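Undergrad: Kindly return the folded structure for what I paste below:
(one chain, ligands or ions: 1)
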Amino acid sequence: MDRIGIGIIGARFAADLHAHALSRLRGSTCEILAVCSRTKESAEIFAKKFNIPHVYTDHRALLDRKDIQLVTLPVVTSLHHVLAIDAADAGKHLVVEKPLTGCFVDADAMSRQAMFAEAMQNADAVVEACRRNRVTVGYAENFVYAPPVAKLRRLMDASGGTLLDLRAEESHSGSHAAYSRRWSTAGGGSMLRMGSHPIGAVIHLKHYEGLKKSGKPIRVKSVLADVAQLSKHPAVQAAPHKYLVTAWEDVEDWSAAILTFEDGAKATVFSTDVSLGGVKNLVTAYLDNAVVQVNINPNTSLQVYAPDGKIWGDEYLTEKVETKGGWQFPSPDEDWMRGYPQEMEDFVDAVRERREPLSGLLLAHETVEVIYAGYVSAQEGRRVELVR
Ligand SMILES: NC(=O)c1ccc[n+]([C@@H]2O[C@H](COP(=O)([O-])OP(=O)(O)OC[C@H]3O[C@@H](n4cnc5c(N)ncnc54)[C@H](OP(=O)(O)O)[C@@H]3O)[C@@H](O)[C@H]2O)c1
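TA: Residues are numbered from 1 along each chain as shown. Next up, the predicted model:
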């Protein structure tokens, strides 16, 4: 296949990440031909910013275009499975955002066990539609493509070591996105919305180890988790809070999950919206013969200091720090360090070369399974065994 025509459905934060990443590839291997968003104005602003020729408000009209082979879906989470199935049925290859899907009702509308069943039905329906239509699916888990994680894979190969204990985290002071406040649009709180990344990363690493050593991914066997709404703490509620997002309605803003893998290895993953000091994207891998510390954010490739944050003017330093003053750790190229251009390059090449991308449907599906098992565990106060 020559140049790939791309359509983007969604036109805000994550769409920006997709378009910036694709812009780095544009010209030779792919071209963004159309954008679709619910609100015409936001699609038009986005189209102008990225020089995209066609704008839609109905995703089916975008999917009807014959010159589009690959569709990316940076839309609200509750629409991921619906749009993924429509796109697959239209014969389009796909990039799905994290999390692949979930259960979208009010948090107290049903038990977590019933939610788990519904989330898996949605996830199974996407897998089935993609298989039926033989389309390639890239799961936009950027941790998989972040350069420090790529180096970790090479170090695993070199050392021949076994991952015994993984510790991972994505945390910050709260999301900007309105959909994230409610279970009915987000499908869960910090464990799903942010935890997808570190949970996806540890699942990926054990899959990778298994595939390398025995041709079979090592999968998650059971999950033990807890969740909380720490922004409801009296200390945070006492006054309009200056630093933490407090607008959460029925979703958790703190979570911890312990995953046990088929070979007995463990992973401990934290995901919170109550953590000051900028975004933390971290993985520590304790192998039986080595230790690797992955610092996607913050990292020390650049350390800058100013006694007053105003000294840096409008120059971006790093995401979600409360101040630009004092010592700061900006990445010289944050998108690259997080793996965004690398994931899009792999997805476009996978479509052109008719192969599986490094991050695909198995990882997307297992991440939803593990997180919803975590919700069951937190509600019922027990370890949840995964039955496959
Ligand atoms: N991989 C990552 O690092 C990363 C980072 C952030 C987010 N994400 C994921 O990306 C997704 C979007 O998050 P976001 O932060 O970009 O949210 P956002 O800023 O709220 O944007 C959501 C987008 O969905 C569009 N939309 C809503 N309903 C639609 C419909 N019926 N048809 C077409 N478009 C519709 C909105 O359109 P209008 O604006 O026109 O109303 C908007 O463009 C989420 O699933 C999130 O988990 C991933």
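Undergrad: Other residues contacting stretch 83-97?
TA: Stretch 83-97 is contacted by residues 7, 9, 14, 18, 59-60, 63-64, 68-75, 77, 80, 100-101, 125-126, 129-130, 132-133, 135-140, 344, 347, 351, 364 when judged by Cβ atoms under 8 Å, 6 or more residues apart in numbering. Any C-beta I mention is one placed from the backbone N, CA and C, and that applies to glycine too.
Undergrad: Nearest spatial neighbour of residue 356, chain-adjacent residues omitted?
TA: residue 350 (6.5 Å; Cβ to Cβ, 6 or more residues apart in numbering).
Undergrad: gap between the helix or strand encompassing that neighbour and the chain center?
TA: Using DSSP states H and E, residue 350 sits within helix 340-353. In this view, helix 340-353 has its centroid 16 Å away from the chain centroid, taken as Cα atoms, centre = their mean, to the nearest Å.
Undergrad: and the contacts of stretch 83-97, which are buried?
TA: 7, 9, 14, 18, 59, 63, 68-75, 77, 80, 100-101, 125-126, 129-130, 133, 135-140, 344, 347, 351, 364 (16 or more other Cβ atoms under 10 Å).
Undergrad: Filter these down to just the ones in helices.
TA: 14, 18, 59, 63, 80, 125-126, 129-130, 344, 347, 351, 364 (DSSP state H).
Undergrad: picking that back up, which helices and strands sit right next to the helix holding residue 350?
TA: Packing partners of helix 340-353 (3 or more Cβ pairs under 8 Å, 6 or more residues apart in numbering; DSSP states H and E): strand 4-9, helix 13-23, strand 70-73, strand 93-96, strand 137-139, helix 142-145.
Undergrad: Parallel or antiparallel, which strands does the shortest one pair with?
TA: Right, strand 137-139. If you go by DSSP bridges, strand 137-139 pairs up with strand 93-96 (parallel).
Undergrad: ok, the strand it pairs with near the ligand or not?
TA: No: residues of strand 93-96 contacting the ligand under Cβ under 6 Å from any ligand atom: none, with a closest distance of 9.0 Å.
Undergrad: Kindly report the same for stretch 171-181.
TA: Yes: counting by Cβ under 6 Å from any ligand atom, the ligand is contacted by stretch 171-181 at 177, 178, 179.
Undergrad: Adding mean pLDDT and distance to residue 375, write the helices and strands packed on helix 340-353 out as a markdown table.
TA: Shown next, in a markdown table, are the helices and strands packed on helix 340-353 (pLDDT from 0 to 100; distance: least, Cβ to Cβ, whole Å):
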| stretch | mean pLDDT | distance to residue 375 |
| --- | --- | --- |
| strand 4-9 | 97 | 27 |
| helix 13-23 | 96 | 23 |
| strand 70-73 | 98 | 23 |
| strand 93-96 | 98 | 21 |
| strand 137-139 | 98 | 20 |
| helix 142-145 | 98 | 21 |
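Undergrad: any idea how far the residue in the stretch 201-350 of the chain that the ligand sits nearest to lies from residue 344?
TA: Using Cβ to the nearest ligand atom, the closest approach of the stretch 201-350 of the chain to the ligand is made by residue 338 at 7.0 Å. Remark: distance between residue 338 and residue 344 (Cβ to Cβ, to the nearest Å) = 12 Å.
Undergrad: Over to residue 314?
TA: 27 Å.
Undergrad: the domain parsing of the chain - what is it?
TA: 4-141+342-357, 142-334+370-385 (automatic domain parsing).
Undergrad: centroid residue for this protein?
TA: residue 98 (3.8 Å; Cα atoms, centre = their mean).
Undergrad: For this protein, give me the ranges with low pLDDT.
TA: 1, 26-27 (pLDDT under 70).
Undergrad: just checking, residue 304 touches residue 326?
TA: No: using Cβ atoms under 8 Å, residue 304 is not in contact with residue 326; the gap is 9.6 Å.
Undergrad: Of the two, which one has the most company?
TA: Per other Cβ atoms under 10 Å, whichever of residue 304 and residue 326 has more neighbours is residue 304, with 15 against 12.
Undergrad: Leaving out sequence neighbours, find the closest residue to the residue in the stretch 101-250 of the chain positioned nearest to the ligand.
TA: Relative to the ligand, the nearest point of the stretch 101-250 of the chain is residue 177 (4.0 Å; Cβ to the nearest ligand atom). Distances taken as Cβ to Cβ, 6+ apart place residue 13 nearest to residue 177, at 6.4 Å, with adjacent residues excluded.
Undergrad: Equivalent analysis for residue 160, please.
TA: residue 289 (7.6 Å).
Undergrad: And for residue 156?
TA: residue 209 (6.3 Å).
Undergrad: ok, now which ones touch that neighbour?
TA: Going by Cβ under 8 Å, 6+ apart, the list of residues near residue 209 reads 156, 162, 163, 218.
Undergrad: residues contacting residue 339?
TA: 142, 143, 144, 145, 146, 147, 149, 150, 296.
Undergrad: 7 Å instead?
TA: 142, 143, 144, 145, 146 (Cβ atoms under 7 Å, 6 or more residues apart in numbering).
Undergrad: For stretch 281-296, what is the spacing between the initial and final residues?
TA: One end of stretch 281-296 sits 5 Å from the other (Cα to Cα, to the nearest Å).
Undergrad: on that earlier part again, the ones in helices among the buried ones among the contacts of stretch 83-97: which ones sit near the ligand?
TA: Near the ligand, by the rule Cβ under 6 Å from any ligand atom, you find 14, 59 out of those.
Undergrad: Would you check which pair of the ones in helices among the buried ones among the contacts of stretch 83-97 lies furthest apart?
TA: 125 and 344 (25.3 Å; Cβ to Cβ).
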